[in-house]
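**Student:** Here is my input, please return the structure:
(chains A and B, ligands or ions: 1)
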Amino acid sequence: MNTLPFRKLIIAIAMAACFFLMPMASVAEPVQPEFKLDCAMRAPHHVRVGNPVPLTFDLHNRGDKAVAVLMRNTPFEGFLSQYLTIVGPRGRLDYGGAMVKRGPAGAGEYLRIRAHTKRTRTINIGAVYAFDTPGKYRIQFTGNLQDVTLQKGPSLPDELRPQTLTCAEIVIDIVPGKV
Amino acid sequence: MLIRMLLASALVSASLVSFAAPVSRFNYLSVSIAPADPATRADRDVAVDVVFTNTGDTPISVVKWFMPDGEPEGDLFLLSRNGEAVPYVGPVIKRAAPTAHDMITLQPGESLTRTAELSGLYDLSQSGVYTIQYGVASAHVFGQPRSGRLGNRVSPDLTTQFDADDSARLTTVFSNETSKFIEGRKDSSSIASVLQKTPSALETILTQSIAYSGRCSASQQSAIVSAASAAQTMANGAVNYLNGTPKASARYTTWFGTFSTANWNEVKGHYVNIKTELDSKPVVYDCSCKKSYYAYVYPTQPYKIYLCNAFWTAPLTGTDSKGGTIIHESSHFNVNAGTQDYAYGQTAAKSLAISNPSQARFNADSHEYFAENTPALQ
Ligand SMILES: [Zn+2]
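**Tutor:** Model (predicted):
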């Protein structure tokens, strides 16, 4: 084993930890009243140019029943669709990830959320958006839930129950990196 | 450095719960790397051999997507040239939680050699000596030895996502570093990038330019030719229809909702761009994807379309067909229409037309279904 990468990792952790900050939570009204789902995004207030930009996405089930949510078009599926709109100092950022056309949803594409709990996913949005200019970046969630169900199995294509999901926008300040 | 930073970021997230450290009982996986051949010309693939060895005295189960198998498996390597990190430019791959089925078991002393192709996955546009190292950090590199069963937590994608909950089990695995001279090459969508930079005169003499990447078989190539032709017919049909008098027709309102002349013309502009692509732009069709998807594209990278398993079994025309899939994917390119996937499937697309016409006019499936026009609407 080569030990050098570990040393670099430790240094990077120490640096990154300095600006890994705390949540800015928010709550949105569900559209279908039987499903009380809301979301929040969290991110560091400041990130240096060139560093990863971790965005944490919380999906909270405030209802009394467990639900299954199709993960498409949300951060829970990674970068297979464009569910964020990001506007930086030079305007809207291009999404550099993939757009995938899929067939009927499979059981494995559902995220189960127990009553009164939340599921959380952190993604590095720096991997698919270029935060290369210092300044403020407004991040909006523009995805949606393409299916929300009380069942365990996947819904048939004609029985999907989409639901709007509104998260409060957040702002990340990209600060100049060291040379 | 970018990749190391990503790894670091995973560890930082981890530290919110508890500080992560390599799990010592899994330290018996030794990984070594060597170039498959010493120097690589620009017209040759860049390959490295990676040898995984269990140096312990009990079996080790490794999640198979951390072992290259000829198909893109995400960002498994750290590359640098002149001391600078070389960016990963390959697809970002989303994983479901690994199951026993996703594990490869190495018996004590057993070695497994895998050849990984790096061309197309890393930015190899510059000539020079590249330093290459295998390096991964994830909560799920390893399964439980023997039982082959994993916990039921969602697996973090190596390059992009990680559950804070999972991070206590984060493991890192690195190989030695190896060096290799690589002659700089255009990326795999080179035909597109070359032609984009040449005078438009060259473009105008081209008709339906099709190129292949990712090892398309002969039968796949012939399916692509038919599919591209079917897509061309659909795009022509859509443009011809929209060149008619704008009106609140059934065909228009079913897929795009509220009619206005401005809305109609906006949609028409999308199909004119798609038609231009299919008639005269150099389109690259890639066959390397083995996922269950139909297809995917990167909207910022026209005109490369990645075709996946569901594409090959789709009908040539009609709903969710090969031709329609090409229309769908082409609509995603920012230079054409920059569409999103707000709603999937006919039922959801029809609902979207009613509930949110402005999204419908930028929804890829709505473009596909309008062009497929099955069943036919007037
Ligand atoms: Zn799509």
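**Student:** if you skip the residues just before and after it, what's nearest to the residue most central in space within chain A?
**Tutor:** When C-alpha atoms, centre = their mean is applied to chain A, the residue found nearest the centroid is residue A:75 (3.7 Å). If the residues on either side of it in the chain are set aside, residue A:75 comes closest to residue A:57, at 4.1 Å by C-beta to C-beta, 6 or more residues apart in numbering or on different chains. All C-beta atoms are positioned from the backbone trio N, CA, C, and that covers glycine.
**Student:** How many residues are close by that neighbour?
**Tutor:** 24 (other C-beta atoms under 10 Å in any protein chain shown).
**Student:** how close does it get to residue A:83?
**Tutor:** 9 Å (C-beta to C-beta, to the nearest Å).
**Student:** ok, now residue B:235?
**Tutor:** From residue B:235 to residue A:83 the distance is 27 Å (C-beta to C-beta).
**Student:** Looking at the two now, which is surrounded by more residues?
**Tutor:** Applying other C-beta under 10 Å to residue B:235 and residue A:83 shows that residue B:235 carries more neighbours, namely 26 against 23.
**Student:** close enough to count as contact, the more buried one and residue B:281?
**Tutor:** No: contact between residue B:235 and residue B:281 fails when scored by C-beta atoms under 8 Å: they sit 11.9 Å apart.
**Student:** Isn't the residue nearest to the centre of chain A up against residue A:58?
**Tutor:** No: checked against C-beta under 8 Å, the pair residue A:75 and residue A:58 is beyond contact range at 9.9 Å.
**Student:** quick one: the strands in chain A?
**Tutor:** Under the criterion DSSP state E, strands of chain A are mapped to A:37-42, A:46-48, A:54-61, A:67-70, A:84-88, A:91-92, A:99-101, A:110-113, A:117-124, A:135-141, A:148-149, A:170-175.
**Student:** One more: the stretch 201-350 of chain B?
**Tutor:** In the stretch 201-350 of chain B, the strands defined using DSSP state E, counting those that start in this stretch lie at B:209-213, B:282-286, B:295-297, B:304-307.
**Student:** Which strands or helices does the last one pack on?
**Tutor:** By that I understand strand B:304-307. Applying 3 or more C-beta pairs under 8 Å, 6 or more residues apart in numbering or on different chains; DSSP states H and E, we find strand B:304-307 packed against strand B:282-286, strand B:295-297, helix B:322-332.
**Student:** can you check the first one too?
**Tutor:** In terms of contact count using 3+ C-beta pairs under 8 Å, 6+ apart, strand B:209-213 is assigned the packing partners helix B:190-197, helix B:218-243, strand B:282-286.
**Student:** of these, which approaches chain A most closely?
**Tutor:** Closest to chain A of those, according to C-beta to the nearest C-beta: strand B:282-286, at 11.9 Å.
**Student:** Just the CA coordinates for the closest one, please, in CSV.
**Tutor:** Taking C-alpha atoms only, strand B:282-286 is exported to CSV below (Å, rounded to 0.1, in the frame of the first residue of the first chain):
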residue,chain,number,x,y,z
PRO,B,282,-22.2,14.3,-37.3
VAL,B,283,-24.0,12.1,-34.8
VAL,B,284,-22.0,9.6,-32.8
TYR,B,285,-23.9,6.6,-31.5
ASP,B,286,-22.2,4.8,-28.7
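**Student:** got the angle for that strand vs helix B:322-332?
**Tutor:** 110 degrees (axes from the mean of the first three to the mean of the last three C-alpha atoms, to 10 degrees).
**Student:** buried stuff in strand B:282-286?
**Tutor:** Residues of strand B:282-286 classed as buried: B:282, B:283, B:284, B:285, B:286 (neighbour count, 16 or more other C-beta atoms under 10 Å in any protein chain shown).
**Student:** Give me the sheet partners of that strand and which way each runs.
**Tutor:** Looking at strand B:282-286 with DSSP bridges, its partner strands are strand B:209-213 (parallel), strand B:304-307 (parallel).
**Student:** how close does residue B:289 get to chain A?
**Tutor:** 9 Å (C-beta to the nearest C-beta, to the nearest Å).
**Student:** Show me the shaky parts of chain A.
**Tutor:** A:1-34, A:178-179 (pLDDT under 70).
**Student:** just the residues of it that are near the ion, which are they?
**Tutor:** Within chain A, the positions near the ion by C-beta under 5 Å from the ion are A:99, A:101.
**Student:** Give me the neighbour count for residue B:77.
**Tutor:** Neighbours of residue B:77 using other C-beta under 10 Å come to 22.
**Student:** my guess is it meets residue B:116, correct?
**Tutor:** Yes: at 7.2 Å, residue B:77 counts as touching residue B:116 under the criterion of C-beta under 8 Å.
**Student:** Mutual contacts of those two, please.
**Tutor:** residue B:48 (C-beta atoms under 8 Å, 6 or more residues apart in numbering or on different chains).
**Student:** Tell me which of the helices and strands packed on strand B:304-307 is the most buried.
**Tutor:** With neighbours defined as mean count of other C-beta atoms under 10 Å in any protein chain shown, the helices and strands packed on strand B:304-307 peak in mean count at helix B:322-332, which reaches a mean of 29.
**Student:** which helices and strands sit right next to it?
**Tutor:** strand A:99-101, helix B:218-243, helix B:261-280, strand B:295-297, strand B:304-307, helix B:364-372.
**Student:** change it to 7 Å
**Tutor:** strand A:99-101, helix B:218-243, helix B:261-280, strand B:295-297, helix B:364-372 (3 or more C-beta pairs under 7 Å, 6 or more residues apart in numbering or on different chains; DSSP states H and E).
**Student:** Partner strands of the fourth one, with direction?
**Tutor:** When sheet partners are counted by DSSP bridges, strand B:295-297 sits next to strand A:99-101 (antiparallel), strand B:304-307 (antiparallel).
**Student:** Contacts for the first one, please.
**Tutor:** I take that to be strand A:99-101. If you take C-beta atoms under 7 Å, 6 or more residues apart in numbering or on different chains as the criterion, strand A:99-101 is touched by A:80-82, B:293-297, B:299, B:325, B:328-329, B:332, B:341.
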